[in-house]
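Chemist: Structure, please.
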Amino acid sequence: MSKALKIAPVAGRIGAVIKDIHLSGDLDLGTIQAIEEALLKYKVLFFRGQQHLDDASQEAFAKRLGQLYSHPTVPVKSGTSAVLELDSEHGGRANSWHTDISFVAAYPKASVLRSVVIPAAGGDTVWANTASAYLDLPEELRELVDKLRAEHTNAFDYASFAYNQKLRNDPAFLKYRKQFESTVYETEHPLVRVHPETGEKNLLLGSFVKRIVGFKPDDSARLLSILQDHVTRLENTVRWSWKVGDVVIWDNRATQHYAINDYGSEHRVVRRVTIAGDIPFGVDGRQSVTIKPEPAQAEDTPEAI
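Modeler: As a prediction, this is how the structure comes out:
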């Protein structure tokens, strides 16, 4: 039986702070169930004051939410089994709207992100509710996108999405990008994903989208822009100003997020543990399909831990 949590919504459509809780791998089952229920409702959960967590205890807590999942191309932090460190001094500035690792078929269910080094100002993260974005579409447009599919890939012009154009010549960023694209992944997903637990319909978009299947490039770009604009409308978003020791959990099946790169040369380090997900299916029941790597290269696909 789940326990009652002290929950304070942050925005009208997405996000809630969970108060007076000490995250660990030893939390009782009732509390874990309550966190999972709140995550489905609010999409993003914020926890202040979790400075007691280190890499091992962050992993131990994340394991209570499901199988851990390692990034398919970026190595985990040394000494850990599944911690991905995003360090601004080593290319870790993901300032584009995206759903994590959507370029593989069974992309992560959720992520647990812990702040380690935070700039004096700036470096906020914004999340968007892709379920409410879908509901905001005119009925005729919903009927259209229900039928469509799109290709996602990790081989894309990342710098074109970044407002800081210095990234194009930043050695740390270029090294990170080379590693990120060391194996090219492409997956065809439904444009509208049916959430496996809530049944909500979510727009599956973000900067990893390459094109809408069957559309000419210009038409694909225009429609994607219209749909993405619905996702990132302010009404669908919540913005979080980090403090050291904060932990944020988000439902990666029902959100996009954007790490704001507005802190110049200041240092920012966050560490992420992701939870394995399942293969999406669309309104018509069709599942996502892997395009690259070929099935014979299955050993290159990410694994749950």
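Chemist: From here on, just use CA atoms for contacts and neighbour counts.
Modeler: Noted.
Chemist: For residue 251, what are phi and psi?
Modeler: The phi and psi values for residue 251, taken as degrees, to the nearest 10, are phi -80, psi 110.
Chemist: Dig out what it forms beta bridges with.
Modeler: For residue 251, the residues forming beta bridges with it (DSSP bridges) are residue 110.
Chemist: any idea how far residue 197 is from it?
Modeler: Counting by Cα to Cα, to the nearest Å, the separation of residue 251 from residue 197 is 11 Å.
Chemist: So which of those two has more stuff around it?
Modeler: Between residue 251 and residue 197, residue 251 has the larger neighbour count (other Cα atoms under 10 Å), namely 23 against 7.
Chemist: if I pick the more buried one, what's in contact with it?
Modeler: Under the criterion of Cα atoms under 8 Å, 6 or more residues apart in numbering, the contact partners of residue 251 comprise 39-40, 43-44, 109-111.
Chemist: what's the distance between it and residue 216?
Modeler: From residue 251 over to residue 216 the distance is 32 Å, taken as Cα to Cα.
Chemist: same thing with residue 187?
Modeler: Following Cα to Cα, the distance that separates residue 187 from residue 216 is 18 Å.
Chemist: just residue 25 next, same as before
Modeler: Going from residue 25 to residue 216 by Cα to Cα gives 49 Å.
Chemist: try residue 76
Modeler: Computed as Cα to Cα, the residue 76 to residue 216 distance reads 38 Å.
Chemist: Between these two, point out the one with more neighbours.
Modeler: Looking at residue 76 and residue 216 with other Cα under 10 Å, you find the greater number of neighbours at residue 76, namely 18 against 10.
Chemist: so that one touches residue 59, yeah?
Modeler: No. Look at residue 76 against residue 59 with Cα atoms under 8 Å: they stay out of range, at 12.0 Å.
Chemist: Quickly list what's touching both of those two.
Modeler: Contacts common to residue 76 and residue 59, judged by Cα under 8 Å, 6+ apart, are 82-83.
Chemist: list the contacts for residue 44?
Modeler: When the contact criterion is Cα under 8 Å, 6+ apart, the partners of residue 44 are 14-16, 127, 248-251.
Chemist: if you set the cut-off to 10 Å instead, what comes out?
Modeler: Residue 44 sits next to 9-10, 14-17, 38, 110-111, 127-129, 238, 248-252, 254-255 when contact means Cα atoms under 10 Å, 6 or more residues apart in numbering.
Chemist: Could you identify the buried members of these?
Modeler: 10, 14-17, 38, 110-111, 127-129, 238, 248-252, 254-255 (16 or more other Cα atoms under 10 Å).
Chemist: do you know how far residue 261 is from residue 76?
Modeler: Taking Cα to Cα, one finds residue 261 at 23 Å from residue 76.
Chemist: which residues of the stretch 51-200 of the chain fall in helices?
Modeler: Counting by DSSP state H, counting those that start in this stretch, one finds helices in the stretch 51-200 of the chain at the ranges 55-63, 130-136, 139-145, 158-161, 171-180.
Chemist: hey, least reliable of the ones you listed by pLDDT?
Modeler: Mean pLDDT per stretch puts helix 158-161 lowest among those, at a mean of 45.
Chemist: hang on, residue 35 packs against residue 2?
Modeler: Yes. Counting by Cα atoms under 10 Å, residue 35 sits close enough to residue 2 to count as a contact (8.5 Å).
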